[in-house]
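# Model the following, please.
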Amino acid sequence: MIKKTSPVPAYYQVKIDIQEKIRNDIYKVKEQLPTDMEFCEMYQVSRITIRRALAELESEGYIERIQGKGSYVKFKEIKQNISKFYNFTDETIKMGYVPSSVFLKLELIEPNEEVREILDLEEGEKVFLLERLRLADEMIAAYDRSFIPEKLIPGFKKEMLQEGSLYKALQTNYGFVPNNSEETIEAVTIDEKDAMKMRIKVGSPQLLVKRVSFCDDKKVEFNYRIVNSKVYKYKLKLD
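Got it, this is the predicted structure:
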(Lines give C-alpha, C1' and ligand atoms only; values in the text may rest on other atoms or scores of the structure.)
Protein backbone atom coordinates (compact mmCIF):
# COMPACT_ATOMS: atom_id res chain seq x y z
CA MET A 1 0.00 0.00 0.00
CA ILE A 2 1.20 3.50 -0.85
CA LYS A 3 1.89 5.90 2.02
CA LYS A 4 -0.06 9.01 1.08
CA THR A 5 1.72 11.14 3.69
CA SER A 6 5.20 10.14 2.55
CA PRO A 7 7.41 12.81 0.91
CA VAL A 8 8.38 10.11 -1.63
CA PRO A 9 6.24 10.46 -4.79
CA ALA A 10 3.54 7.81 -5.20
CA TYR A 11 4.83 6.65 -8.58
CA TYR A 12 8.27 6.03 -7.08
CA GLN A 13 6.83 4.01 -4.21
CA VAL A 14 4.96 1.87 -6.74
CA LYS A 15 8.08 1.46 -8.87
CA ILE A 16 10.22 0.34 -5.92
CA ASP A 17 7.57 -2.11 -4.72
CA ILE A 18 7.24 -3.75 -8.16
CA GLN A 19 11.01 -3.79 -8.53
CA GLU A 20 11.42 -5.59 -5.20
CA LYS A 21 8.79 -8.14 -6.18
CA ILE A 22 10.73 -8.85 -9.38
CA ARG A 23 13.99 -9.20 -7.43
CA ASN A 24 12.36 -11.56 -4.93
CA ASP A 25 10.73 -13.79 -7.57
CA ILE A 26 7.17 -12.78 -6.75
CA TYR A 27 6.99 -11.61 -10.35
CA LYS A 28 9.13 -14.02 -12.36
CA VAL A 29 11.15 -13.48 -15.55
CA LYS A 30 8.93 -13.59 -18.69
CA GLU A 31 5.78 -13.58 -16.54
CA GLN A 32 2.97 -11.17 -17.36
CA LEU A 33 2.39 -8.45 -14.78
CA PRO A 34 -1.04 -7.33 -13.57
CA THR A 35 -2.82 -4.87 -15.87
CA ASP A 36 -2.63 -1.13 -15.30
CA MET A 37 -6.12 -1.15 -13.79
CA GLU A 38 -5.26 -4.05 -11.49
CA PHE A 39 -2.21 -2.12 -10.31
CA CYS A 40 -4.43 0.95 -9.74
CA GLU A 41 -6.69 -1.09 -7.47
CA MET A 42 -3.74 -2.77 -5.77
CA TYR A 43 -1.97 0.50 -4.88
CA GLN A 44 -5.01 2.79 -4.76
CA VAL A 45 -3.48 5.31 -7.14
CA SER A 46 -4.32 6.82 -10.52
CA ARG A 47 -3.53 5.26 -13.87
CA ILE A 48 -1.11 8.12 -14.59
CA THR A 49 0.87 7.14 -11.49
CA ILE A 50 1.02 3.49 -12.57
CA ARG A 51 2.06 4.36 -16.10
CA ARG A 52 4.90 6.56 -14.86
CA ALA A 53 6.15 3.80 -12.54
CA LEU A 54 6.02 1.22 -15.33
CA ALA A 55 7.67 3.58 -17.80
CA GLU A 56 10.67 3.94 -15.47
CA LEU A 57 10.87 0.19 -14.91
CA GLU A 58 10.83 -0.27 -18.67
CA SER A 59 13.56 2.33 -19.25
CA GLU A 60 15.72 0.56 -16.66
CA GLY A 61 15.18 -2.78 -18.37
CA TYR A 62 13.13 -4.53 -15.70
CA ILE A 63 9.99 -4.93 -17.77
CA GLU A 64 8.84 -4.91 -21.38
CA ARG A 65 5.54 -3.35 -22.41
CA ILE A 66 3.94 -4.87 -25.50
CA GLN A 67 1.10 -2.91 -27.03
CA GLY A 68 -2.16 -4.84 -26.89
CA LYS A 69 -0.67 -7.56 -24.69
CA GLY A 70 0.47 -5.90 -21.47
CA SER A 71 3.64 -5.73 -19.40
CA TYR A 72 6.10 -8.59 -18.88
CA VAL A 73 9.06 -9.07 -16.56
CA LYS A 74 12.19 -8.76 -18.68
CA PHE A 75 14.87 -9.47 -16.11
CA LYS A 76 15.81 -9.61 -12.48
CA GLU A 77 19.31 -8.95 -11.30
CA ILE A 78 21.68 -11.90 -11.21
CA LYS A 79 22.78 -12.10 -7.59
CA GLN A 80 26.05 -13.95 -7.39
CA ASN A 81 27.06 -15.55 -4.09
CA ILE A 82 30.81 -15.06 -3.79
CA SER A 83 31.25 -17.11 -0.63
CA LYS A 84 31.85 -20.22 -2.76
CA PHE A 85 33.38 -21.12 -6.13
CA TYR A 86 31.12 -20.46 -9.13
CA ASN A 87 31.12 -20.08 -12.89
CA PHE A 88 29.01 -17.75 -15.02
CA THR A 89 27.28 -20.43 -17.11
CA ASP A 90 25.96 -22.52 -14.21
CA GLU A 91 24.92 -19.54 -12.09
CA THR A 92 23.06 -17.90 -14.97
CA ILE A 93 21.09 -21.10 -15.57
CA LYS A 94 20.17 -21.24 -11.86
CA MET A 95 18.65 -17.76 -12.18
CA GLY A 96 16.39 -18.90 -15.00
CA TYR A 97 18.30 -17.37 -17.90
CA VAL A 98 19.84 -18.88 -21.00
CA PRO A 99 23.59 -18.17 -20.87
CA SER A 100 25.53 -17.47 -24.04
CA SER A 101 28.71 -15.77 -25.19
CA VAL A 102 29.61 -13.47 -28.04
CA PHE A 103 33.12 -14.32 -29.24
CA LEU A 104 35.29 -11.24 -29.76
CA LYS A 105 38.90 -12.38 -29.92
CA LEU A 106 41.31 -15.26 -29.36
CA GLU A 107 45.01 -14.64 -29.78
CA LEU A 108 48.37 -15.76 -28.46
CA ILE A 109 50.14 -12.79 -26.87
CA GLU A 110 53.07 -11.70 -24.75
CA PRO A 111 51.45 -10.90 -21.38
CA ASN A 112 51.96 -7.56 -19.67
CA GLU A 113 53.67 -7.36 -16.30
CA GLU A 114 50.43 -7.64 -14.29
CA VAL A 115 49.33 -10.84 -16.05
CA ARG A 116 52.82 -12.35 -15.92
CA GLU A 117 53.13 -11.75 -12.17
CA ILE A 118 49.64 -12.97 -11.35
CA LEU A 119 50.12 -16.23 -13.28
CA ASP A 120 53.72 -16.73 -12.09
CA LEU A 121 55.07 -16.83 -15.64
CA GLU A 122 58.69 -16.64 -16.73
CA GLU A 123 59.93 -13.96 -19.11
CA GLY A 124 59.01 -14.97 -22.69
CA GLU A 125 56.14 -17.30 -21.76
CA LYS A 126 52.98 -16.52 -23.69
CA VAL A 127 49.29 -16.63 -22.85
CA PHE A 128 46.11 -17.09 -24.81
CA LEU A 129 43.82 -14.06 -24.53
CA LEU A 130 40.14 -14.86 -24.96
CA GLU A 131 37.69 -11.94 -25.13
CA ARG A 132 33.94 -12.51 -24.89
CA LEU A 133 30.70 -10.78 -24.00
CA ARG A 134 28.72 -12.86 -21.51
CA LEU A 135 24.96 -12.79 -22.00
CA ALA A 136 21.98 -13.78 -19.88
CA ASP A 137 19.20 -14.33 -22.42
CA GLU A 138 19.95 -11.33 -24.66
CA MET A 139 21.30 -9.00 -21.96
CA ILE A 140 25.00 -8.21 -21.84
CA ALA A 141 25.99 -9.08 -18.27
CA ALA A 142 29.78 -8.84 -18.54
CA TYR A 143 32.79 -8.28 -20.75
CA ASP A 144 35.39 -11.00 -20.12
CA ARG A 145 39.09 -11.13 -20.84
CA SER A 146 40.62 -14.48 -19.90
CA PHE A 147 44.38 -15.05 -19.86
CA ILE A 148 45.54 -18.70 -19.83
CA PRO A 149 49.17 -19.85 -20.05
CA GLU A 150 49.99 -21.34 -23.44
CA LYS A 151 51.90 -24.20 -21.78
CA LEU A 152 48.61 -25.43 -20.23
CA ILE A 153 46.54 -25.31 -23.42
CA PRO A 154 48.85 -25.68 -26.45
CA GLY A 155 47.00 -25.36 -29.74
CA PHE A 156 43.87 -23.84 -28.20
CA LYS A 157 41.35 -22.90 -30.92
CA LYS A 158 38.06 -21.03 -31.20
CA GLU A 159 36.34 -24.23 -32.37
CA MET A 160 36.88 -25.73 -28.91
CA LEU A 161 34.39 -23.19 -27.54
CA GLN A 162 31.41 -24.44 -29.53
CA GLU A 163 29.48 -25.35 -26.36
CA GLY A 164 29.99 -21.79 -25.10
CA SER A 165 31.74 -22.63 -21.83
CA LEU A 166 35.49 -22.08 -21.47
CA TYR A 167 35.65 -24.44 -18.50
CA LYS A 168 33.97 -27.23 -20.49
CA ALA A 169 36.47 -26.65 -23.30
CA LEU A 170 39.37 -26.95 -20.87
CA GLN A 171 37.99 -30.13 -19.37
CA THR A 172 37.16 -31.75 -22.71
CA ASN A 173 40.38 -30.86 -24.53
CA TYR A 174 42.99 -30.63 -21.77
CA GLY A 175 41.65 -32.71 -18.91
CA PHE A 176 41.47 -30.05 -16.23
CA VAL A 177 38.94 -27.54 -14.95
CA PRO A 178 39.30 -24.73 -12.40
CA ASN A 179 37.87 -25.67 -9.01
CA ASN A 180 38.73 -22.70 -6.78
CA SER A 181 39.56 -19.04 -7.19
CA GLU A 182 40.50 -15.73 -5.60
CA GLU A 183 38.70 -12.50 -6.55
CA THR A 184 39.04 -8.79 -6.00
CA ILE A 185 36.13 -6.48 -6.80
CA GLU A 186 36.31 -2.73 -7.30
CA ALA A 187 34.17 0.07 -8.66
CA VAL A 188 35.24 1.64 -11.96
CA THR A 189 33.91 4.08 -14.52
CA ILE A 190 33.78 2.49 -17.95
CA ASP A 191 35.76 4.00 -20.82
CA GLU A 192 34.47 4.62 -24.33
CA LYS A 193 36.02 1.51 -25.89
CA ASP A 194 34.56 -0.94 -23.37
CA ALA A 195 31.24 0.92 -23.16
CA MET A 196 30.74 0.47 -26.91
CA LYS A 197 31.27 -3.27 -26.58
CA MET A 198 28.83 -3.54 -23.68
CA ARG A 199 26.33 -1.05 -25.14
CA ILE A 200 26.21 1.02 -21.98
CA LYS A 201 26.82 4.67 -21.18
CA VAL A 202 30.41 5.93 -21.25
CA GLY A 203 31.58 6.85 -17.75
CA SER A 204 28.83 4.90 -16.01
CA PRO A 205 29.79 3.12 -12.75
CA GLN A 206 30.47 -0.59 -13.20
CA LEU A 207 32.20 -3.39 -11.31
CA LEU A 208 35.65 -4.70 -12.17
CA VAL A 209 36.30 -8.27 -11.04
CA LYS A 210 39.83 -9.67 -11.20
CA ARG A 211 39.78 -13.41 -10.71
CA VAL A 212 42.63 -15.89 -10.44
CA SER A 213 41.36 -19.44 -10.96
CA PHE A 214 43.17 -22.55 -9.76
CA CYS A 215 43.02 -26.24 -10.52
CA ASP A 216 43.79 -27.48 -7.03
CA ASP A 217 46.85 -25.32 -6.22
CA LYS A 218 47.95 -24.53 -9.79
CA LYS A 219 47.08 -21.13 -11.32
CA VAL A 220 45.32 -21.76 -14.64
CA GLU A 221 43.49 -18.53 -15.53
CA PHE A 222 43.45 -14.81 -14.86
CA ASN A 223 40.06 -13.33 -15.69
CA TYR A 224 39.55 -9.59 -16.05
CA ARG A 225 35.78 -8.99 -16.05
CA ILE A 226 33.81 -5.76 -16.33
CA VAL A 227 30.36 -6.45 -14.96
CA ASN A 228 27.19 -4.61 -15.97
CA SER A 229 26.16 -3.40 -12.52
CA LYS A 230 22.49 -3.09 -13.53
CA VAL A 231 22.31 -6.78 -14.38
CA TYR A 232 24.82 -8.51 -12.13
CA LYS A 233 25.13 -8.12 -8.34
CA TYR A 234 27.48 -9.79 -5.89
CA LYS A 235 26.51 -10.92 -2.41
CA LEU A 236 28.52 -12.35 0.45
CA LYS A 237 27.04 -14.32 3.31
CA LEU A 238 28.70 -13.65 6.66
CA ASP A 239 28.24 -16.22 9.43
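
# The helix or strand that contains Glu221 packs against which elements?
According to DSSP states H and E, Glu221 maps onto strand 218-227. Applying 3 or more C-beta pairs under 8 Å, 6 or more residues apart in numbering; DSSP states H and E, one finds that strand 218-227 contacts helix 113-118, strand 139-149, strand 205-215. (C-beta placed from N, C-alpha, C; glycine too.)

# quick one: contacts of the shortest one?
Helix 113-118 is contacted by residues Leu121, Glu123, Glu125, Val127, Phe147, Val212, Lys219, Phe222 when judged by C-beta atoms under 8 Å, 6 or more residues apart in numbering.

# what's the following helix or strand after the helix or strand bottoming out on mean pLDDT in the chain?
Using mean pLDDT, DSSP states H and E, strand 78-81 stands out as the lowest-scoring helix or strand of the chain, at a mean of 59. Next in sequence after strand 78-81, counting helices and strands by DSSP H and E, comes helix 88-94.

# what residue ranges in this structure score low on pLDDT?
The model of the chain has pLDDT under 70 over residues 1, 76-86, 232-239.

# please redo it, this time with the cut-off set to 80
With pLDDT under 80 as the threshold, the chain has low-confidence stretches at 1, 23-25, 29, 60-61, 75-98, 137-139, 162-164, 229-239.

# tell me the contacts of Ile190?
Residues near Ile190 by C-beta under 8 Å, 6+ apart: Met198, Ile200, Lys201, Val202, Gly203, Ser204, Gln206, Ile226.

# From Asp217, how far out is it?
34 Å (C-beta to C-beta, to the nearest Å).
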